[in-house]
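# Everything below, folded, please.
(chains A and B)
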Amino acid sequence: MVKPKYTIAVTGLNNTDNPGPGVPVIRGLRESDTFDVRIIGLAYENLEPGIYMPNTADKIYQIPYPSAGGEAFIKKIEYIHSCEKLDCIIPNFDAELYTFMKNEKKLAQMGIKTFLPSIKQFEERHKANLPSFGKKYNINVPKSIAVTNISDLSNINDKFDFPVLVKGKFYDAYIVYNLEQLQYNFNKIASKWGVPVIIQEYIQGTEVNVVALGDGKGNTIGAVPMRKQYITDKGKAWGGITLDDEKMLEITRNLIKKTRWRGGMELEMIKTEDNKYFMIEINPRIPAWVYLANGAGQNLPEALVNLAMGINVEPYKTYKTGIMFIRYSYDLIGNISQFEKLNINGEL
Amino acid sequence: MRLKKNIAISETGFIFNPSTGDSFTLNPIGIEILSFIENEKKYEEISDAILEKYDVDTITFEKNYYDFIQMLKNNHLLENE
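Residues are numbered from 1 along each chain as shown, chains lettered A, B, ... in the order given. Just a heads-up that it's a prediction; the model follows:
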């Protein structure tokens, strides 16, 4: 059988100690059994490691940050599409998703497929909306409030016992043990990510995660649970292992069924000593550890592209447990001419 | 007392709990005792076998045995009874 060849654009090439999912997504796509790929890497910064990694992207384009405005962003995508004839785009950053979702129809008119959650799905699972989300879908969530003004923290003792978690709306989370630490970290997060800042009850337990893919009709196409074995000071998994945990899968399938989730997602949960699960975050995209799912037998990036292309995808029924991943750092040697080319031309 | 069904134990004494992702290593006597437990031997049978094979008194074995069992329980390796 002749496999189709798709040109797929991927963001999130920042394979740093706070890695984006771009490189593992590309690895999954390159290992696809059902199609061949030409990969177009979309980079925001000119030192994202994925730009320079061998066998990763066939071509790189710099794109403007979504904060530069949707119009500039779409113009650049139009230009890239005129050069590359993109079949599909897989955005991998929370902060850019809104721009892609808002322009989904425009992209489709151009002939570029995406497979994203709806704006409603995206908004209701926001960290700031987690309590109402938990109530609506009958999921245990830690108590949390969204705070926009530092003066609102002065009576925090009436609502929470320390320690509490203080979280940015997109990224960053710190455990704080007193009001001074809370105020300091509130300012730190607010200046970086804006408000609201989320104050969340600290639940003692083990952090466990699921990577999953919903087909938008309520079906779970794939899901793999994992426990972080090695966590960096940024709270990122540097090593992890797949788990045999039916309860986590049940929570995932149930959530996808009820929300009719469309696209990739990561569920972050805390499992307590008495085997209760608390949902602490729902990330509306494929996580950076998605290649572990490939290792365990579920190629979710491949399935996502097939869904985007309108192809019927059979749900994965199994995966291997006890499969581990360990990240590593590795020095790539490049030439200044590559850097120059990207800087001057905006492509490489 | 039974080990959880999905617990994997290798001949080298490496234990993996796929539900939690935890792994442990056993020393040779731990491997031996766990294999008795896997074969659903009663405490008396295990005690007799160990006392016969090793230079250990009943009280010391009993204390160490129940410490070991508690460790298995604490690490969620035994079925709840």
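
# count of residues packed around B:Glu45?
The local packing count at B:Glu45 equals 12, with neighbours defined by other CB atoms under 10 Å in any protein chain shown. C-betas here are computed from N, CA, C, even on glycine.

# What strand or helix carries it?
Taking DSSP states H and E as the criterion, the element that holds B:Glu45 is helix B:43-53.

# which parts of that helix are buried?
Going by neighbour count (16 or more other CB atoms under 10 Å in any protein chain shown), the buried part of helix B:43-53 is B:Ile46, B:Ser47, B:Ile50.

# Is there proximity between the very next helix or strand once past that helix and chain A?
Heading C-terminal from helix B:43-53, the first helix or strand you meet, by DSSP H and E, is helix B:58-74. No - interface with chain A: helix B:58-74 contributes nothing (CB under 8 Å from any CB of the partner chain), its closest point being 10.2 Å away.

# Give the other helices and strands that helix B:58-74 contacts.
Contact partners of helix B:58-74 among helices and strands, from 3 or more CB pairs under 8 Å, 6 or more residues apart in numbering or on different chains; DSSP states H and E: helix B:28-38, helix B:43-53.

# Swap in 7 Å and give it another go.
Judged by 3 or more CB pairs under 7 Å, 6 or more residues apart in numbering or on different chains; DSSP states H and E, helix B:58-74 is in contact with helix B:43-53.

# Is it possible to get a markdown table of the buried residues of helix B:43-53 that adds distance to chain A and pLDDT?
Below are the buried residues of helix B:43-53 laid out as a markdown table (distance: CB to the nearest CB, whole Å; pLDDT from 0 to 100):
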| residue | distance to chain A | pLDDT |
| --- | --- | --- |
| B:Ile46 | 28 | 95 |
| B:Ser47 | 31 | 95 |
| B:Ile50 | 31 | 95 |
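
# export the helix holding B:Glu45 as CSV, just CAs?
Provided in CSV are the C-alpha atoms of helix B:43-53 (Å, rounded to 0.1, in the frame of the first residue of the first chain):
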residue,chain,number,x,y,z
TYR,B,43,3.6,-18.5,58.8
GLU,B,44,4.4,-21.7,60.6
GLU,B,45,5.6,-23.4,57.4
ILE,B,46,7.8,-20.5,56.5
SER,B,47,9.2,-20.3,60.0
ASP,B,48,10.0,-24.0,60.1
ALA,B,49,11.8,-23.9,56.8
ILE,B,50,13.8,-20.8,57.7
LEU,B,51,14.8,-22.0,61.2
GLU,B,52,15.9,-25.3,59.8
LYS,B,53,18.0,-23.8,57.0
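
# And it, how far out from the chain middle?
Distance, stretch centre to chain centre, for helix B:43-53: 13 Å (CA atoms, centre = their mean, to the nearest Å).

# do the same with stretch A:57-77
Computed by CA atoms, centre = their mean, the chain-centroid distance of stretch A:57-77 equals 19 Å.

# need the residues of chain B near chain A, please.
Chain B comes close to chain A at residues B:Asn6, B:Phe16, B:Pro18, B:Ser19, B:Thr20, B:Gly21, as judged by CB under 7 Å from any CB of the partner chain.

# try 6 Å
Applying CB under 6 Å from any CB of the partner chain, one finds that chain B approaches chain A through B:Asn6, B:Phe16, B:Pro18, B:Ser19, B:Gly21.

# Look up the closest residue to the last one, ignoring the ones flanking it.
Leaving aside its sequence neighbours, B:Gly21 sits nearest to A:Arg227 (CB to CB, 6 or more residues apart in numbering or on different chains; 3.8 Å).

# and the stretch 1-150 of chain A, which residues reach chain B?
Selection of the stretch 1-150 of chain A residues close to chain B by CB under 6 Å from any CB yields an empty set.
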